[in-house]
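Q: Requesting a structural model of the entry that follows:
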Amino acid sequence: MTDTARGDGRRMLADRYELDPAPLARGGMGQVWVGHDTRLKREVAVKFLHFPDGVEDQEMVQRFVRESRITARLQHPGVPAVFDAGAEDGLPYLVMQRIHGVGVHDLIAEQERLSVGWSACVAAQVCSVLSAAHRASLVHRDLKPSNLILEPDGTVKVLDFGLAVALDRGDMTQITRTGHTPGTPAYMAPEQLEHGTSTSRTDLYALGCTLHEMLTGQRVFTASTSFALASKQVNETPRGVRALRPEVPEELAEVVGALLEKRPGDRPGTADEVYARLIGFAEGLEAIPGVLHPPSLSSPHRMYGAAVSRGFGPTGTAAPETGGEPETPRAASEVRSEVERTRSRAAHLTGTAQYRQAAETLREAVASAEEDFGATDPDTVRLRLDWANALFEGGSFRKAAPVYARLVEDLSAGDGDQSLVFRCRLQNATCRALTGEAGPALEILSALLDDEVAAYGADDHRPLELRRQIGVLQLTAGLRAEGAATLRGLRADLVRLHGADHPTVARVEDLLREA
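A: Residues are numbered from 1 along each chain as shown. From the prediction side, this is the model:
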């Protein structure tokens, strides 16, 4: 028990954090407490994760710890910093930067709606945060006005990244266990409500809901029950913002409409793209009395941002240093021994969730091994695969994809292990799917399926499982008819092979019911 009570109602957590007598906020997934770090003498916010059913779930605890380490790497001025993590009585917690300001939901309630300039400014800042998060393969999953804080200097903080979960590695985009999908229905994308799946474009849909509400003062959809609300999100076309507020510029209204497209593939591709379309409207920002500091009061954050925007320009590439005495070549056996030691060090780092360090260690080793032995030498290939896997396990899907792709290219050109080539092709497709590139991922998987059928036969468990994954990805990408057709064909073959009562048939039937 790391928690001790005090006579004044405060309690001490981990012999370090003194918590207020009552929580600052409560939600379905946890509670937030204001605290004081007695060692570093600073105010903190402590967020406890609560189990949805009230029963301790060790798997959920382990996943939270793993993902909190990934989340802590998300360093951005628009995200509260993560200082510490731990568990109390089996409940994980995060110690984070304490934020002061007003929630955008409260601001909308007070102002009825925000000006065009401030709506675009808030949304553009959120895009900056999402850009950093999505590059780290993190999705927020619960973006909404109450998770956005406008600070007195005009900067925006995006809350609840401490509870965001990195895109799952096991089944492409399935990020929650059956029966529990985090989020708030009024801001959830159709694919999130229908299939419990999220990609970077799911966050963009939530941003569209939020921007619509800032501009109009009204939610995109309302209903008396969560079920009815979810049905509207999936099936109904929202009213355009100009129908509710005609003075909104047509170009800005088009951005909102694009963000609210039902099919993920019809939305903008990246947060960077949305930012570029929004930033021009973030001008003529008026003072908000009682919320923002007066313009005469300087802001270090604005000063820093203004300086960066003016001073940042194209940078040159430093020429490599030359000269010095050439190194004495080492014996091949010594180099190969060093390769194995490097793989062991990297395995230890990945085993302790230090993925970035493992990936960097392996990247350097791969460069050396390719120079010494060539790209397709067995030791080099093992290093390259370890490197790709470390990036993948650490959530760096955009960096992992080209490593897998190059392995496929090099191994296919020679007499490489066919099963390894197939595995790398699948991993490359998975990386593409996890970064929202459903189209390219499906192209890779379709070609892989043809080759697996040719190699193993159509009734082998490997192409059958690949067909299931293709069907899931089609559903997630909004290709409902195609996904349903894929899964119906798979079900028929599974019944033929194993009978209607086989567990694999039931698994596919569950997916078809959701389709």
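Q: C-alpha from now on. contacts and neighbour counts both.
A: Will do.
Q: Indicate each strand paired with whatever helix or strand His36 lives in and its parallel or antiparallel sense.
A: Under the criterion of DSSP states H and E, His36 resides in strand 30-37. If you go by DSSP bridges, strand 30-37 pairs up with strand 17-19 (antiparallel), strand 25-27 (antiparallel), strand 42-49 (antiparallel).
Q: Quick check: mean pLDDT of that strand?
A: For strand 30-37, the mean per-residue pLDDT is 91.
Q: ok so, going back, reformat the strands paired with strand 30-37 as a markdown table; add mean pLDDT.
A: A markdown table is the format used below for the strands paired with strand 30-37 (pLDDT from 0 to 100):
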| stretch | mean pLDDT |
| --- | --- |
| strand 17-19 | 96 |
| strand 25-27 | 75 |
| strand 42-49 | 92 |
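Q: Any idea what the most centrally placed residue in the chain is bridged to?
A: What sits nearest the mean C-alpha location of the chain, by CA atoms, centre = their mean, is Leu138, with 1.7 Å. With DSSP bridges as the criterion, Leu138 is bridged to Ala166.
Q: From Ser146, how far off is it?
A: Leu138 sits 20 Å away from Ser146, going by CA to CA, to the nearest Å.
Q: Show the contacting residues for Pro92.
A: 48-50, 61, 64-65, 85-86 (CA atoms under 8 Å, 6 or more residues apart in numbering).
Q: again with His212
A: 218-220, 241, 256.
Q: Mind telling me what element it is part of?
A: helix 200-216.
Q: after that helix, next one along is what?
A: Trace forward from helix 200-216 with DSSP H and E and the next one is helix 226-235.
Q: other SSEs contacting that following helix?
A: With contacts taken as 3 or more CA pairs under 8 Å, 6 or more residues apart in numbering; DSSP states H and E, helix 226-235 sits against helix 190-195.
Q: avg pLDDT for the helix holding His212?
A: On average, helix 200-216 scores 96.
Q: May I have it as CSV, with CA atoms only?
A: Extracted as CSV, the C-alpha positions of helix 200-216 are listed here (Å, rounded to 0.1, in the frame of the first residue of the first chain):
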residue,chain,number,x,y,z
SER,A,200,-5.4,8.9,-37.2
ARG,A,201,-8.5,9.8,-39.3
THR,A,202,-10.8,8.9,-36.4
ASP,A,203,-9.2,11.7,-34.5
LEU,A,204,-9.8,14.0,-37.5
TYR,A,205,-13.5,13.2,-37.4
ALA,A,206,-13.6,14.1,-33.7
LEU,A,207,-11.8,17.4,-34.6
GLY,A,208,-14.5,18.0,-37.2
CYS,A,209,-17.2,17.6,-34.5
THR,A,210,-15.3,19.9,-32.2
LEU,A,211,-14.7,22.6,-34.9
HIS,A,212,-18.4,22.4,-35.9
GLU,A,213,-19.4,23.0,-32.2
MET,A,214,-17.0,25.9,-31.8
LEU,A,215,-18.3,27.6,-34.9
THR,A,216,-22.0,27.0,-34.4
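Q: could the contacts of Pro92 go into a markdown table alongside neighbour count, distance to Cys121 and secondary structure?
A: As requested, these are exported to a markdown table (neighbours: other CA atoms under 10 Å; distance: CA to CA, whole Å; DSSP: H, G, I helix; E, B strand; the rest coil):
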| residue | neighbour count | distance to Cys121 | secondary structure |
| --- | --- | --- | --- |
| Phe48 | 23 | 31 | strand |
| Leu49 | 23 | 31 | strand |
| His50 | 21 | 34 | coil |
| Val61 | 19 | 37 | helix |
| Phe64 | 24 | 32 | helix |
| Val65 | 18 | 34 | helix |
| Ala85 | 18 | 32 | strand |
| Gly86 | 15 | 36 | strand |
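Q: would you list the residues you listed in CSV and tack on distance to Ala492?
A: Listed next are the contacts of Pro92 as CSV, based on distance: CA to CA, whole Å:
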residue, distance to Ala492
Phe48, 46
Leu49, 42
His50, 41
Val61, 38
Phe64, 38
Val65, 41
Ala85, 48
Gly86, 48
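Q: Pick the one among the residues you listed closest to Leu204.
A: Phe64 (23.8 Å; CA to CA).
Q: Chain neighbours aside, what residue packs nearest to that closest one?
A: Pro92 (7.2 Å; CA to CA, 6 or more residues apart in numbering).
Q: what's the spacing between the one you found and Glu393?
A: 21 Å.
Q: same question, Lys144
A: Distance of Lys144 to Glu393, computed by CA to CA: 28 Å.
Q: quick one, which of those two is more surrounded?
A: Between Lys144 and Glu393, counting by other CA atoms under 10 Å, Lys144 is the more crowded of the two (24 against 18).
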